[in-house]
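**Q** Structure of the sequence below:
(4 chains)
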Protein chains: 4
Amino acid sequence: MLNIADLQQRLREFAAARQWQPYQTPKNLAMALVVEAAELVEIFQWLTPEESQALRNQPQQHQHLGEEIADVLLYLLQIADQCQVDIPAAVERKLVLNAQKHPAPPADPAP
Amino acid sequence: MLNIADLQQRLREFAAARQWQPYQTPKNLAMALVVEAAELVEIFQWLTPEESQALRNQPQQHQHLGEEIADVLLYLLQIADQCQVDIPAAVERKLVLNAQKHPAPPADPAP
Amino acid sequence: MLNIADLQQRLREFAAARQWQPYQTPKNLAMALVVEAAELVEIFQWLTPEESQALRNQPQQHQHLGEEIADVLLYLLQIADQCQVDIPAAVERKLVLNAQKHPAPPADPAP
Amino acid sequence: MLNIADLQQRLREFAAARQWQPYQTPKNLAMALVVEAAELVEIFQWLTPEESQALRNQPQQHQHLGEEIADVLLYLLQIADQCQVDIPAAVERKLVLNAQKHPAPPADPAP
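**A** This is a model prediction of the structure:
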């Protein structure tokens, strides 16, 4: 379970203590988000598909990946906080849209 | 609260029902992640900083932003699932690293 | 041969005729650049390495790729124009840096 | 003027001398492209629009920007080379499409 409201509160305090609020507009946070997403891409850029699947067994790369996943998530939480997006509600709504866009094929009938 | 394990389970079932597993390597999911992050950036690209802060009052753009936030999060959950990254633990670890990298300045003393 | 100065002049006139100059700060153009780069990534995201190499034989995808390459290049030219970066000089300088960073291994000696 | 064919030839030789060809699929080069585009975004992420316009007067940042512009361009040239995209032709074709998509408003009539 991820406590979104608690994390958003801690990120707000972290930014306030460093007087970062003027910099943290949604626009700038969106830029920071894509920079972190690209750093996550960088981990995989020269790997084969198979190597990318085996990364979980490489302790150093696995830890690095965890840091980049956290970076992306923390900026996402800050954008949602500033723009008052309810993340769990947005996720449920998007899952419905995805299911409508990509209907599941019928399951194979019993023989 | 976001139920990470439940969402990851539903995403696994969604992909399996569509036989998408061969496509969903961590490498490919990382590419999809940065594509979605860039779609989020696109919302803000021509806005002034002030307009980006007022976006929460634009119902259509606010809804669009929610969809892109959900898209980024859903790919992030799938990457973490496949690579066995414990997201809450990775986030707590990264928050400690961030605090070490950017120490808070001392609070102003009482007068 | 690509006539950089001519293209930059035409892009300046295109923006001026549409009164787009206030929007085309280097910051906003950088955002547009990464959005277009991600659209290029999107073409390849679910392809195998082999399919990505065979894309040149798919007329529709090949044409789409040409459009995204052009989009990335046109934003790059506009950023360089506004920030007064001499692209051919920057490229030559970077090629020297790359050769220093990644020295070529010695060629195999004759037997 | 940018000598595209000459640069592509030099990049091919650079990769061959380091035996990088197996890694340089169009898919992987697209990933590298978006990583470099994001590094360019990173330069601007916390700047105001005005600061982004004044970057050309900051020698160190200006040089850094030149390096990132070169990195993006060099990957773009390699993708075009491998996928046999004629860059000048693609650019001219895209400029026509852009003019159709965004017709210029009529110029103000003479008084």
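**Q** Spell out which parts of chain A neighbour chain C.
**A** A:30-31, A:34, A:38, A:48-49 (C-beta under 8 Å from any C-beta of the partner chain). The C-beta positions use only the backbone N, C-alpha and C, and glycine is treated the same way.
**Q** From those residues, list the ones also adjacent to chain D.
**A** A:31, A:34, A:38.
**Q** Restricting to those, which residues neighbour chain B?
**A** Near chain B, by the rule C-beta under 8 Å from any C-beta, you find A:31, A:34, A:38 out of those.
**Q** Those in helices, which ones?
**A** Using DSSP state H, the subset of those located in helices is A:31, A:34, A:38.
**Q** Could you name the helices and strands sitting against the helix or strand of chain A with the lowest mean pLDDT?
**A** Scoring the helices and strands of chain A by mean pLDDT, DSSP states H and E places helix A:49-53 at the bottom, with a mean of 96. On a contact count with 3 or more C-beta pairs under 8 Å, 6 or more residues apart in numbering or on different chains; DSSP states H and E, helix A:49-53 meets helix B:26-44.
**Q** before we move on, the earlier item: with pLDDT added, can I get the ones in helices among the ones next to chain B among the ones next to chain D among the residues of chain A next to chain C in a markdown table?
**A** Shown next, in a markdown table, are those (pLDDT from 0 to 100):
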| residue | pLDDT |
| --- | --- |
| A:Met31 | 98 |
| A:Val34 | 98 |
| A:Ala38 | 98 |
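**Q** thinking again about what came up before, of the ones next to chain D among the residues of chain A next to chain C, closest to chain B?
**A** Closest to chain B out of those is A:Val34 (4.5 Å), distances taken as C-beta to the nearest C-beta.
**Q** Can you give me the first-to-last residue distance of stretch A:39-49?
**A** For stretch A:39-49, the first and last residues are 18 Å from each other (C-alpha to C-alpha, to the nearest Å).
**Q** Just the buried residues out of the ones next to chain D among the residues of chain A next to chain C, in PyMOL syntax.
**A** Buried subset of those, written as a PyMOL selection, criterion 16 or more other C-beta atoms under 10 Å in any protein chain shown:
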select buried, chain A and resi 31+34+38
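**Q** Switch the ones next to chain D among the residues of chain A next to chain C over to JSON lines; also include distance to C:His64.
**A** Below are those laid out as JSON lines (distance: C-beta to C-beta, whole Å):
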{"residue": "A:Met31", "distance to C:His64": "26"}
{"residue": "A:Val34", "distance to C:His64": "22"}
{"residue": "A:Ala38", "distance to C:His64": "22"}
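**Q** where do the helices sit along chain A?
**A** Using DSSP H, helices in chain A cover A:4-17, A:26-44, A:49-53, A:59-82, A:87-101.
**Q** highest average neighbour count across the ones you listed?
**A** For those, the largest average neighbour count (mean count of other C-beta atoms under 10 Å in any protein chain shown) is found in helix A:26-44, namely a mean of 25.
**Q** so who does whichever residue of chain A sits closest to chain C touch?
**A** Across chain A, no residue is closer to chain C than A:Val34, which sits at 5.6 Å (C-beta to the nearest C-beta). Counting by C-beta atoms under 8 Å, 6 or more residues apart in numbering or on different chains, A:Val34 makes contact with B:34, B:37-38, B:40-41, C:34, C:38, D:38, D:41.
**Q** quick one on the thing from earlier: between the residues of chain A next to chain C, which sits nearest B:Ala99?
**A** Closest approach between the residues of chain A next to chain C and B:Ala99, by C-beta to C-beta: A:Met31, at 22.5 Å.
**Q** Just the pLDDT at the residue nearest the centre of chain A, thanks.
**A** The residue lying closest to the centre of chain A (C-alpha atoms, centre = their mean) is A:Leu73, at 4.0 Å. Note on A:Leu73: pLDDT of 98.
**Q** hang on, it packs against B:Ile87?
**A** Yes - taking C-beta atoms under 8 Å as the definition, A:Leu73 is a contact partner of B:Ile87 at 6.8 Å.
**Q** Residues that sit against both of the two, list them.
**A** Contacts common to A:Leu73 and B:Ile87, judged by C-beta under 8 Å, 6+ apart, are B:Leu76.
**Q** How about the closest residue to chain D within chain A: what's its closest non-neighbour residue?
**A** Proximity to chain D, evaluated over chain A using C-beta to the nearest C-beta, is greatest for A:Ala38 at 3.3 Å. Leaving aside its chain neighbours, A:Ala38 sits nearest to D:Ala38 (3.3 Å; criterion: C-beta to C-beta, 6 or more residues apart in numbering or on different chains).
**Q** contacting residues for the one you found?
**A** Contacts for D:Ala38 (C-beta under 8 Å, 6+ apart) come out as A:34-35, A:37-39, B:34, C:34.
**Q** Could you list the residues of chain A in contact with chain D?
**A** Residues of chain A found near chain D (C-beta under 8 Å from any C-beta) are A:23, A:28, A:31-32, A:34-35, A:37-39, A:41-42, A:44-46.
**Q** Now distance to B:Glu68 too, for the residues you listed, in a markdown table please.
**A** Formatted as a markdown table, the residues of chain A next to chain D follow (distance: C-beta to C-beta, whole Å):
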| residue | distance to B:Glu68 |
| --- | --- |
| A:Tyr23 | 21 |
| A:Asn28 | 16 |
| A:Met31 | 14 |
| A:Ala32 | 15 |
| A:Val34 | 11 |
| A:Val35 | 16 |
| A:Ala37 | 12 |
| A:Ala38 | 16 |
| A:Glu39 | 19 |
| A:Val41 | 17 |
| A:Glu42 | 22 |
| A:Phe44 | 22 |
| A:Gln45 | 23 |
| A:Trp46 | 28 |
